[in-house]
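Visitor: coords please:
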Amino acid sequence: MTLKQIYSWIGIVVAVVVLGLFAATSWYTVDESEQAVLITFGKAEEGTTEPGLHFKLPWPIQTVETLSRETFSLNFGYDPENEEDADVVRMITGDENILQADLVVQWKIIEPSKYLFNSDDPQQVLYNATSASLRSIIGSSTIDEALTDGKAEIENEVLDLLVTLMEDYEVGVAIQDVKLQEVDLPNEEVRQAFMKVTDARETMNTKKNEADKYRNEIYEEAQGEKDAIISRAEGDKIERIETARGNVAAFNALYDAYESNPDITRQRLVLETLDQVLPDANIYIMNDDGNTLKYLPLGENTSSPKPPVTESSEDNQSDNDTEDSEEGNNNDRSE
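Guide: Just a heads-up that it's a prediction; the model follows:
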């Protein structure tokens, strides 16, 4: 073969190779679960390519990077596939206690161009941001909150802080959710000591609640007694006021009657006073000389009254007794 023919065959082979390379690299397919970024001379195009068959300029002018649309999981301090070699993450709480925590972060790629070019290792950036967020929130919480009913609040605070950090880092990653797997004390001895402290605190709260209950009962009883005393005092006050008003009204009426008829009113007052002072006494009308005149008794006692004894009555009674005795002796002698 001549030199010209050799050059011709070489040109044909090169042309076939170029055409084959052009045909092989001028189209690409994107699956439903993927997202593709078209790169022209090393610069990523804006947006992502929709699923399906697409054409592009041949390599090395344009290339395609395909990334998954699925949600990924980052296990921080926890590895279900290799639990023995998993890292034990210990951190200090706000009240200066040590505990270990495991966290799972759900994340996905939303901006492939930033994910590919803004960081050499986006997953490491996510891991570091997760560590910083969890340690920051645990460091501002107490151990009781982290071990008991404060886990949900800690998860929400970690999620908010982690989302903020990843937006600032601009690595094309969106955080979907975070979930605390386990928050526990570092070893068994510390765990037992903490349980004793917890039991003592619960006992203290129980005793305190019982004391508060007893105090409330005594307080309510005292309040009831106080209200009853106040009510009785108010009743007595009103009664006394009304009694005083009645007395004033009676006195005013009496005064008006006295102004109208002084003598009659004076005599009536004397009789009413005697009736009040001597309610059960028998009243007799006496002569000035001291002799008793039987008259109708004045009073409620209906039995025949016995007249009071005077000196004249005693003399008359003794004379009558003497005459009776002498008549009796004469009769005996005559018989």
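
Visitor: any idea which helix is longest in the protein?
Guide: helix 188-260 (DSSP state H).

Visitor: mind showing which ranges of the stretch 201-335 of the chain have poor pLDDT?
Guide: 281-335 (pLDDT under 70).

Visitor: so where do the strands sit in the protein?
Guide: Per DSSP state E, the chain carries strands over the ranges 27-30, 34-40, 43-44, 52-55, 62-68, 72-76, 90-92, 98-109, 173-184.

Visitor: adding distance to S119, write these out as CSV.
Guide: In this view, the C-beta of every residue, glycine as well, is placed from N, C-alpha and C. Below are the strands of the chain laid out as CSV (distance: least, Cβ to Cβ, whole Å):
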stretch, distance to S119
strand 27-30, 23
strand 34-40, 15
strand 43-44, 14
strand 52-55, 27
strand 62-68, 14
strand 72-76, 15
strand 90-92, 25
strand 98-109, 12
strand 173-184, 9
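
Visitor: mean pLDDT for the ones you listed: which is lowest?
Guide: Across these, strand 52-55 has the smallest mean pLDDT, namely a mean of 70.

Visitor: and that strand, what does it pack against?
Guide: Strand 52-55 is packed against strand 27-30, with contacts defined by 3 or more Cβ pairs under 8 Å, 6 or more residues apart in numbering; DSSP states H and E.

Visitor: so what touches the strand it packs on?
Guide: 36, 49-56, 64, 66 (Cβ atoms under 8 Å, 6 or more residues apart in numbering).

Visitor: buried set for it?
Guide: For strand 27-30, burial by neighbour count (16 or more other Cβ atoms under 10 Å) applies to 28, 30.

Visitor: which strands border it, and is each parallel or antiparallel?
Guide: Sheet pairing here is set by DSSP bridges, and for strand 27-30 it gives strand 52-55 (antiparallel).

Visitor: for the partner strand, C-alpha coordinates in CSV please.
Guide: Output of strand 52-55 as CSV, limited to C-alpha atoms (Å, rounded to 0.1, in the frame of the first residue of the first chain):
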residue,chain,number,x,y,z
GLY,A,52,-36.9,10.7,29.6
LEU,A,53,-34.6,10.6,26.6
HIS,A,54,-32.6,13.8,25.9
PHE,A,55,-29.9,14.9,23.5
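
Visitor: for it, buried residues please.
Guide: By 16+ other Cβ under 10 Å, strand 52-55 has no buried positions at all.

Visitor: change the start of the numbering to 50 and stick with it
Guide: Okay, using 50 as the starting number, the last item reads as strand 101-104.

Visitor: what about it, distance to the chain center?
Guide: 62 Å (Cα atoms, centre = their mean, to the nearest Å).

Visitor: ok, how many other residues are close to the nearest residue to A306 once chain neighbours are set aside?
Guide: Among residues not flanking A306 along the chain, T314 sits closest, at 5.1 Å (Cβ to Cβ, 6 or more residues apart in numbering). T314 has 16 neighbours, counted by other Cβ atoms under 10 Å.

Visitor: test my guess that T314 contacts D305.
Guide: No - counting by Cβ atoms under 8 Å, T314 stays clear of D305, with 9.7 Å between them.

Visitor: any idea how far P328 is from M215?
Guide: Using Cβ to Cβ, to the nearest Å, M215 is found at 104 Å from P328.

Visitor: which one's more surrounded, the two?
Guide: M215 (22 against 9).

Visitor: that one reaches V227, doesn't it?
Guide: No - with contacts counted by Cβ under 8 Å, M215 stays clear of V227, the gap being 11.6 Å.

Visitor: how far away is L214 from A195?
Guide: L214 sits 21 Å away from A195, going by Cβ to Cβ.

Visitor: ok, these two, which is more surrounded?
Guide: Set L214 next to A195 and count neighbours by other Cβ under 10 Å: A195 wins out with 23 against 18.

Visitor: how about the more buried one: what's its closest non-neighbour residue?
Guide: V232 (5.2 Å).

Visitor: and for E119?
Guide: S82 (6.4 Å).
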